[in-house]
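Participant: need a 3D model of the following:
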Amino acid sequence: MGPAIVSSVTRTGDTLPARLDAICRARADAVALIDGVQRLTFAEARGLIERVAGHLVSLGVGPGSVVSWQLPNWWEAAVLHHAVLRAGGIPNPLNPAFRARELRHIVAEARPHILAVPETWRGFDHIGMAKELRQTWGMRYLVVRGRSCTTMRFEDLIEQPAPAQPPPTPSDPGAHALLLYTSGTTGRPKGVQHTHRGLLAEIDAFPEIHGVTPEDRYLGAPPVAHIAGLVYGFLVPFALGTSTALLDRWDPGAALALIARERVTFMTGPPTFLQTLAEHPDARTVDVSSFRLFSTGGASIPNDLIRRAAATLGCVVKRAYGSTEMPTLTATMLGDDERARLETDGRAIGDAEVRIVRTDGAPVAPGEEGEIWARGPELFTGYRDAGLDAEAFTADGWYRTGDLGTLDLEGLLRVTGRIADIIIRGGENIAAKEIEDLLLEHPAVSEAAVFGLPDERLGERVCAIVSVRDGAAFDETVMLEHLRAAGIATHKLPERLEARDEPLPKTESGKIRKAELRAALIASPS
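Facilitator: Next up is the predicted model:
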């Protein structure tokens, strides 16, 4: 079944459950979700979603009710997510790495009716944490893949007839359909709110920008508690008729085996996923001929890495740019030339708009660096804590991303860094990303993080930490000469340059935890 199914079921004014109903009727016998323990057709998934939604209604879930779930990339999480939407509630995926400190803030703000957790995950007692949170906030908790627990189990919900019927399919496209918290690596997590209309505007651009058809199968390896993993892994199948093969933790060898076994066609993910996938020994021996596309972004990507990865995996590698607040603002297209795909973050998708401005909000000239502002139907409606909105939005609805970039005459965006990643040394502004990109050009360096350290005389001084490739030798003098040879100003050279043999610490979405690195160096001055 070809792309015609997409146009036949996409309608302005849809909600996610209405789209799901249409897709599940059209694709009833096709596989929707695959993980290590289950394969679900669209018809089977819809039946489970309806049953779980009925149970949720009987437990008091209705319009505006938040149901939080802290689960890995499991099929149960997808069924629960869509069941919450079907019941009229607001699903709130939570990072499985969050612990009591983060969750206390989130639960206090989101006030979920139910919190769903695994019994254990990666050795952590999630039930114990849920019990502790319940003592303060009183919400119910639901255990997924529970064996020894005596509380409410997800398995019971799917095995027992629902005591209530879900209400009519939600019909308000402007209602909130997602509450998703940012990673909180530099402060408290912020609750981002999206509507049915906004999420479907995002998804309905994918056939054009990625060539997505119902024949596509996505590798669901990015965490589904992050916006890209959730949208592509859980929402796209039930909005465009694709399927998802889930992987509950990143393992490049397992990912390659899954691509070969399930004929996976594309994935999204951070550059570290692309790099480890292409550099794994099995990449040259398993059959990855079905794999056509890897869309990446969010960090510096050496051009030679993209070329090597594309050649090894036999796929197109291209970039996109977005955030929890604006899932995809720009993307390169399949037909773009190599320069655009490798050196830019693409053009605004659909009806999205991009503006580059100075600190006073005035537009800059083409090619001049400034803050990236975004506007469009995919944009979130505001934070759960409305007090944060004034700083995030302009009076006329532009979202201040906090990212820096340039926009050329062709409308191609280049993300150059973050405002917070500007190091001010002796009154001179230094973009951390510029130095990171140059360090990554050295063959010994696989990862780089550049940031400012406090300095009494200069305000800040430049610090760099690099991860060294296996078998490569690191020499600080040689590295500094490499930077000098690139022609950068002397004041931009790192005054503290350290090497590590292990990968740099990252969030689950692949972003380097600069705040953690910086705090560690401040605590142990050289």
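
Participant: centre of the chain to stretch 371-386, how far?
Facilitator: 16 Å (Cα atoms, centre = their mean, to the nearest Å).

Participant: just use 815 as the starting number from now, easier for me
Facilitator: Got it, the first residue is 815 from now on, which makes the last one we talked about stretch 1185-1200.

Participant: any buried residues in it, and which?
Facilitator: If you call a residue buried by 16 or more other Cβ atoms under 10 Å, then stretch 1185-1200 has these buried ones: 1185-1194, 1196-1198. Using the backbone N, CA and C atoms, a C-beta is placed for each residue, glycine as well.

Participant: what's the closest of these to E1250?
Facilitator: I1186 (18.0 Å; Cβ to Cβ).

Participant: contact partners for the closest one?
Facilitator: By Cβ atoms under 8 Å, 6 or more residues apart in numbering, I1186 lies in contact with 1143, 1168-1170, 1215, 1217-1219, 1227, 1229.

Participant: can you list the buried residues of stretch 1185-1200 in JSON lines and add secondary structure and pLDDT?
Facilitator: Below are the buried residues of stretch 1185-1200 laid out as JSON lines (DSSP: H, G, I helix; E, B strand; the rest coil; pLDDT from 0 to 100):
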{"residue": "E1185", "secondary structure": "strand", "pLDDT": "96"}
{"residue": "I1186", "secondary structure": "strand", "pLDDT": "97"}
{"residue": "W1187", "secondary structure": "strand", "pLDDT": "98"}
{"residue": "A1188", "secondary structure": "strand", "pLDDT": "98"}
{"residue": "R1189", "secondary structure": "strand", "pLDDT": "97"}
{"residue": "G1190", "secondary structure": "coil", "pLDDT": "97"}
{"residue": "P1191", "secondary structure": "coil", "pLDDT": "97"}
{"residue": "E1192", "secondary structure": "coil", "pLDDT": "97"}
{"residue": "L1193", "secondary structure": "coil", "pLDDT": "98"}
{"residue": "F1194", "secondary structure": "coil", "pLDDT": "98"}
{"residue": "G1196", "secondary structure": "strand", "pLDDT": "98"}
{"residue": "Y1197", "secondary structure": "strand", "pLDDT": "97"}
{"residue": "R1198", "secondary structure": "coil", "pLDDT": "97"}
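
Participant: can I get these in CSV with distance to H1024?
Facilitator: Below are those laid out as CSV (distance: Cβ to Cβ, whole Å):
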residue, distance to H1024
E1185, 27
I1186, 22
W1187, 25
A1188, 20
R1189, 22
G1190, 18
P1191, 18
E1192, 15
L1193, 20
F1194, 22
G1196, 28
Y1197, 29
R1198, 30
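
Participant: surely N1243 meets I1236?
Facilitator: Yes - with contact defined as Cβ atoms under 8 Å, N1243 counts as touching I1236 (5.3 Å).

Participant: neighbour count for the two, which is higher?
Facilitator: More crowded of N1243 and I1236, by other Cβ atoms under 10 Å: I1236, with 15 against 9.

Participant: confidence score at that one?
Facilitator: Looking at I1236, its pLDDT is 80.

Participant: what are the bridge partners for it, then?
Facilitator: Here I1236 sits in beta bridges with A1245, going by DSSP bridges.

Participant: list the contacts of it.
Facilitator: Contacts of I1236 by Cβ under 8 Å, 6+ apart are 1218, 1243-1246.

Participant: how does it look with 7 Å?
Facilitator: Residues near I1236 by Cβ atoms under 7 Å, 6 or more residues apart in numbering: 1243-1245.

Participant: which one of these sits closest to K945?
Facilitator: Nearest member of the contacts of I1236 to K945, counting by Cβ to Cβ, is A1245, at 46.8 Å.

Participant: roughly how far does that closest one sit from R1239?
Facilitator: Using Cβ to Cβ, to the nearest Å, A1245 is found at 12 Å from R1239.

Participant: residue ranges with poor pLDDT in the stretch 1165-1314 of the chain?
Facilitator: 1241 (pLDDT under 70).

Participant: all strands for it, in order.
Facilitator: 1167-1171, 1184-1189, 1196-1197, 1213-1221, 1227-1232, 1236-1239, 1242-1245, 1259-1269, 1273-1282, 1310-1314 (DSSP state E, counting those that start in this stretch).

Participant: repeat for the stretch 965-1114 of the chain
Facilitator: With DSSP E, counting those that start in this stretch as the criterion, the stretch 965-1114 of the chain has strands at 990-995, 1005-1009, 1031-1034, 1057-1060, 1080-1083, 1107-1110.

Participant: how is this structure carved up into domains?
Facilitator: 854-1009, 1064-1232, 1240-1337 (automatic domain parsing).

Participant: including distance to L830, could these go into JSON lines?
Facilitator: Shown next, in JSON lines, are the domains of the chain (distance: least, Cβ to Cβ, whole Å):
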{"stretch": "domain 854-1009", "distance to L830": "5"}
{"stretch": "domain 1064-1232", "distance to L830": "14"}
{"stretch": "domain 1240-1337", "distance to L830": "22"}
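
Participant: of these, which is nearest L847?
Facilitator: Proximity to L847, assessed across these by Cβ to Cβ, is greatest for domain 854-1009 (4.6 Å).

Participant: now the closest one: mean pLDDT?
Facilitator: Average pLDDT, domain 854-1009: 92.

Participant: that domain spans what distance, first to last residue?
Facilitator: Terminal residues of domain 854-1009 are spaced 27 Å apart (Cα to Cα, to the nearest Å).

Participant: ignoring the adjacent residues along the chain, who's closest to the residue of the chain positioned farthest from its centre?
Facilitator: The outermost residue of the chain relative to its centre, with distances by Cα atoms, centre = their mean, is R1271 at 39.2 Å. In this structure, R1271 finds its nearest non-sequential neighbour in G1240, 8.0 Å apart by Cβ to Cβ, 6 or more residues apart in numbering.

Participant: got the CA coordinates for stretch 1054-1066 in CSV?
Facilitator: Provided in CSV are the C-alpha atoms of stretch 1054-1066 (Å, rounded to 0.1, in the frame of the first residue of the first chain):
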residue,chain,number,x,y,z
LEU,A,1054,0.9,7.9,8.6
GLY,A,1055,0.7,4.1,8.6
THR,A,1056,4.4,3.4,9.1
SER,A,1057,5.7,0.8,11.6
THR,A,1058,8.3,0.9,14.4
ALA,A,1059,10.8,-1.7,15.5
LEU,A,1060,11.6,-0.8,19.1
LEU,A,1061,15.0,-1.0,20.8
ASP,A,1062,14.9,-0.3,24.5
ARG,A,1063,18.5,0.7,24.9
TRP,A,1064,21.2,1.8,22.5
ASP,A,1065,23.3,-1.0,21.3
PRO,A,1066,24.7,-0.6,17.8
